[in-house]
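**Q** coords please:
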Amino acid sequence: ILNYTIIRVFLILFGFINIMLSIVMRSIWPLFLGILFIGLGNGLQGTLSSWRADYEGFSVITTGLVMSGYFIGAFVSSMISPNQIQKTGQIRTYAAYASIASTAILIQILFIEPPVWFIARFLSGFCIAGIMIIVEGWLNSISSNENRGQIFSIHMGVVWAGLALGQGLFAVDDPSGVNLFLLASILLSVSLIPILLTEIKAPDAEIQESLGIKALWKASPTGLITIGVSGLASAGFFGVGTIYAIKAGLNVSETALFMTLFIGFGAVSQLPLGWLSDKIDRRKVILLCCVMVTSICVLLSIFEFSKTVFLILNGLIGASTLPLYSLGVAQTNDRLKPNQMVSASGTIVLVYSIFASLGPFSMSYFINLFDDSGFLIYLMGVHLLIAVIVFSMMFIRDDVDESDQANFQVMTQRPSVVGMEVIAEEALESQLESD
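**A** Modelled structure (predicted):
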């Protein structure tokens, strides 16, 4: 039954992708196809690495450290890759990064040692983050003010779909063997083909000066806290969510479905929650999400449920926690002056990356202390912290006028500076139009 469910989820997501791709310019399809293959390979590698680390006898904390390597690599890439892209060009840098990321997966097969796996995950995070900077730079250069929002919405949809579908691939073969590692490596290598054959002219890379953390905190402490602390939860899930599934007694197929539903629900809920946050005080929507996560975690801690209900409830956790990053960015943009929005994008990515790099290790520490309940306790703690700060700020700062609100933009959980700059430009345009 679970395998049929996974297949149905795959068909729905592929149908969604086909509909989206049919409404964009033909010249863009190679980029989206490359992004989809990257999402599939990257999503599969993350879940596979976490599961296999447990299978190979890595301790929970060691697994958390290994999985943190990805987000540390992404953080370093956000600072180094823009300069590297300027030196060697988009296409050559993309080819190099995709090749390194593909090789990093194969290294994990040859050397099953925690330090080696940490390096492999670091390389994967570094390269995938760099690839997203390149792709989003391309999309920004070939889009106009009239279609940029549509193109980037499709981009975000393809990224989310790739991550979700990648979780399902975890169930197609025995994760204790080498085939899934080979599949993940192949998917990343194949992503090169549509990109290298594309006729899109590579844009000139520009490095955007960032607004400082102190200035961003002064403008929107609520948004900055939501962006950063939510990274502890989302990165923790992507890093060691599989360990929680194992300790909860799920088999391989059920673990794949668990990861797929968590990410899929999180992707689908972004638009309705974003729409609601455009109509009312965004902080109330952030509080609603935190209350939902905390309540469901309490239920799962107290009562035992059938596996179907267990999977659905965890999917609802994903629906409530994964949109927090997007809500935090929207809340921050609401408080910024128009000339600050684009310059704040680099700082937003920096803050998220710092917290995200701590997520897998900190969550693994709780799982090590409290077994599978540690996952729930950790999520409760993180979201209660966000809720307390946001609730307190509601009494200190008034909500912005609806005319000053920037429209909500759907975002992935692995942001890049270029993508954030485009989103900031979209928010700026929506704010100016409302004026």
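**Q** separation between His155 and Leu31?
**A** The gap separating His155 from Leu31 is 8 Å, by Cβ to Cβ, to the nearest Å. The way it works is simple: take the backbone N, C-alpha and C, and place the C-beta from them, glycine included.
**Q** same question but for Cys289, I mixed them up
**A** For Cys289, the distance to Leu31 - Cβ to Cβ - is 31 Å.
**Q** these two: who's more crowded?
**A** Counted by other Cβ atoms under 10 Å, Cys289 and Leu31 do not tie: Cys289 has more neighbours, with 27 against 23.
**Q** just say helix, strand or coil for the more buried one.
**A** helix (DSSP: H, G, I helix; E, B strand; the rest coil).
**Q** output the helix or strand where Cys297 lies as CSV, nothing but the C-alphas.
**A** Mapping Cys297 onto the secondary structure by DSSP states H and E places it in helix 282-302. The C-alpha trace of helix 282-302 is given here as CSV (Å, rounded to 0.1, in the frame of the first residue of the first chain):
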residue,chain,number,x,y,z
ARG,A,282,2.3,37.9,9.6
ARG,A,283,3.4,37.4,13.2
LYS,A,284,0.0,35.8,13.9
VAL,A,285,0.6,33.3,11.1
ILE,A,286,4.1,32.5,12.4
LEU,A,287,2.5,31.9,15.9
LEU,A,288,-0.1,29.7,14.3
CYS,A,289,2.6,27.6,12.7
CYS,A,290,4.5,27.3,16.0
VAL,A,291,1.4,26.3,17.9
MET,A,292,0.5,23.7,15.3
VAL,A,293,4.0,22.1,15.5
THR,A,294,4.0,22.2,19.3
SER,A,295,0.5,20.7,19.6
ILE,A,296,1.2,17.9,17.2
CYS,A,297,4.5,17.1,18.9
VAL,A,298,2.6,16.9,22.2
LEU,A,299,0.1,14.5,20.7
LEU,A,300,2.8,12.3,19.3
SER,A,301,4.6,12.2,22.6
ILE,A,302,1.5,11.2,24.6
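**Q** can you list contacts of it?
**A** The set of residues external to helix 282-302 that reach it, using Cβ atoms under 8 Å, 6 or more residues apart in numbering, is 222, 226, 233, 273, 276-277, 310, 313-314, 316-317, 319-321, 323-324, 327-328, 330-331, 334, 373, 376-377, 379-380, 383-384, 386-387, 390-391, 393-394, 399, 405.
**Q** drop anything exposed from these.
**A** Applying 16 or more other Cβ atoms under 10 Å to the contacts of helix 282-302, the neighbour count classes 222, 226, 233, 273, 277, 310, 313-314, 316-317, 319-321, 323-324, 327-328, 330-331, 334, 373, 376-377, 379-380, 383, 386-387, 390, 393, 405 as buried.
**Q** looking at those residues, which are in helices?
**A** Per DSSP state H, helices hold the following members of those: 222, 226, 233, 273, 277, 310, 313-314, 316-317, 319-321, 324, 327-328, 330-331, 334, 373, 376-377, 379-380, 383, 386-387, 390, 393.
**Q** list of residues touching stretch 241-260?
**A** Outside stretch 241-260, the residues touching it (Cβ under 8 Å, 6+ apart) are 2-3, 5-6, 9, 47, 50-51, 54, 60, 63, 164-165, 167-171, 174-175, 262, 307, 310-311, 314, 364, 367, 371-372, 375.
**Q** buried among these? Make that a ChimeraX selection.
**A** Buried members of those, defined by 16+ other Cβ under 10 Å, are picked up in ChimeraX with:
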select :2,5,6,9,47,50,51,54,60,63,164,165,167,168,169,170,171,175,262,310,311,314,364,367,372,375
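**Q** can you show me the strands along the stretch 51-200 of the chain?
**A** For the stretch 51-200 of the chain, no strands are identified by DSSP state E, counting those that start in this stretch.
**Q** now do the helices in it.
**A** Shown for the stretch 51-200 of the chain, the helices assigned by DSSP state H, counting those that start in this stretch span residues 60-88, 90-110, 114-142, 148-169, 179-190, 192-196.
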